[in-house]
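Q: Just the structure for this:
(one chain, ligands or ions: 1)
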Amino acid sequence: MALTLYHAEPVANSLKCLAALHEKGLPFTSRYVDLHRFEQHEPWFVALNPDGQVPVLDHDGVIITQTTVINEYLDDAFSEGTQLRPADALGKARVRAWNKFIDEHVMNHVSMHGWHRMVGVIARSIQGEEFEKLMERIPLKEQRDKWRTARSGFNQQDLDEAERKITVAVARVEAQLAKSPWIAGDAFSSADINFFSHCGMMVARMFPHIGTLANCPRVLDWVERVKARPGMAAALKAEDRTDPRLRTFTGHAK
Ligand SMILES: N[C@@H](CCC(=O)N[C@@H](CS)C(=O)NCC(=O)O)C(=O)O
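A: Model (predicted):
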């Protein structure tokens, strides 16, 4: 059995699958894909994932994409280590509902702020002609548009609306953590990995007025509990080539 994960820095989508692999204690080859050098748009990588995005899982030569699908697959294919979803139907449904909420209503909004603050700096550092050449290689039109917008700067109204949605999501998780120790119930699950990777680990740093002790004490306590898990702690130590100046936005591990 051979597993390879193609991934970038331990944050957001890449962290989601790195954490699942470490939580399950599965041996895997880590293949760092350098987003700063646009390696995800190179032909060899687009041949693996036509969307030109990380992470990608290779299991004995079979390619699996989409983080939530990858994590479900790992849980279905391997019984070892942490079970990322409970065994019962209701427990599974709760985890799935939270993952759907995080994928559809959290991920993109935090990502917009990340792109505005971090990717924008990278995009503006590339000269016009070179930038256009790099854009030509991006397979998804949505991603090409996002790179262009990051270069010129996102609209303030869109940024404000994204922040409003993040406020709603954090309040929802805070309310849930008053009822159960983990997001989807009594056991740690892939929903905890998902919310931590896309929002929890950086909320206090990126959105200091949302991630306050007064506003979401349970979320902040939960962030510490998630970080302290050996699986997550190992995932957070993955290769990180982020420019230290940009790292301050997300609170990357290193
Ligand atoms: N829906 C995809 C999203 C993957 C995604 O957005 N990956 C980002 C990294 S967090 C990426 O590859 N960005 C580089 C790019 O789009 O050029 C998933 O869940 O796997």
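Q: near the ligand, which residues of the stretch 51-200 of the chain?
A: Residues of the stretch 51-200 of the chain that fall close to the ligand, judged by C-beta under 6 Å from any ligand atom: Q53, V54, Q66, T67, Q143. Using the backbone N, CA and C atoms, a C-beta is placed for each residue, glycine as well.
Q: Farthest pair within those residues?
A: Pairwise distances across these peak at 15.7 Å for T67 and Q143 (criterion: C-beta to C-beta).
Q: Comparing these two, which residue is more hemmed in?
A: Counted by other C-beta atoms under 10 Å, T67 and Q143 do not tie: T67 has more neighbours, with 27 against 16.
Q: List the contacts of the more buried one.
A: Taking C-beta atoms under 8 Å, 6 or more residues apart in numbering as the contact definition, T67 lies against N13, K16, C17, P55, N194.
Q: With D60 instead?
A: M1, A2.
Q: Local confidence estimate at it?
A: Looking at D60, its pLDDT is 98.
Q: Mind checking what secondary structure N71 has?
A: With DSSP: H, G, I helix; E, B strand; the rest coil as the basis, the three-state label of N71 is helix.
Q: so it sits right up against S189, yeah?
A: No: the pair formed by N71 and S189 falls short of the contact definition of C-beta atoms under 8 Å, at 9.6 Å.
Q: where do the contact lists of the two overlap?
A: Here N71 and S189 have L84 as joint contacts, going by C-beta under 8 Å, 6+ apart.
Q: So, low pLDDT: which residues of the stretch 101-250 of the chain?
A: Low-confidence segments of the stretch 101-250 of the chain, defined by pLDDT under 70, are located at 245-250.
Q: Would you map the strands across it?
A: Assigned by DSSP state E, counting those that start in this stretch, the strands in the stretch 101-250 of the chain number zero.
Q: coming back round to it: when you compare pLDDT across the residues of the stretch 51-200 of the chain next to the ligand, which one is lowest?
A: The lowest pLDDT within these belongs to Q143, which sits at 91.
Q: Now, the residues of the stretch 51-200 of the chain next to the ligand that are in helices?
A: Using DSSP state H, the subset of these located in helices is T67, Q143.
Q: Can you list the buried residues in stretch 122-130?
A: Within stretch 122-130, the residues that count as buried by 16 or more other C-beta atoms under 10 Å are I122, A123, I126.
Q: How about the residue in the protein that sits furthest from its center?
A: For the chain, the C-alpha farthest from the mean C-alpha position belongs to E129; by C-alpha atoms, centre = their mean, that distance is 30.6 Å.
Q: For the contacts of T67, give me CSV that also has neighbour count.
A: Converted to CSV, those look like this (neighbours: other C-beta atoms under 10 Å):
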residue, neighbour count
N13, 22
K16, 28
C17, 28
P55, 25
N194, 31
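Q: which one of those sits closest to the ligand?
A: Nearest to the ligand among these: N13, at 3.6 Å, using C-beta to the nearest ligand atom.
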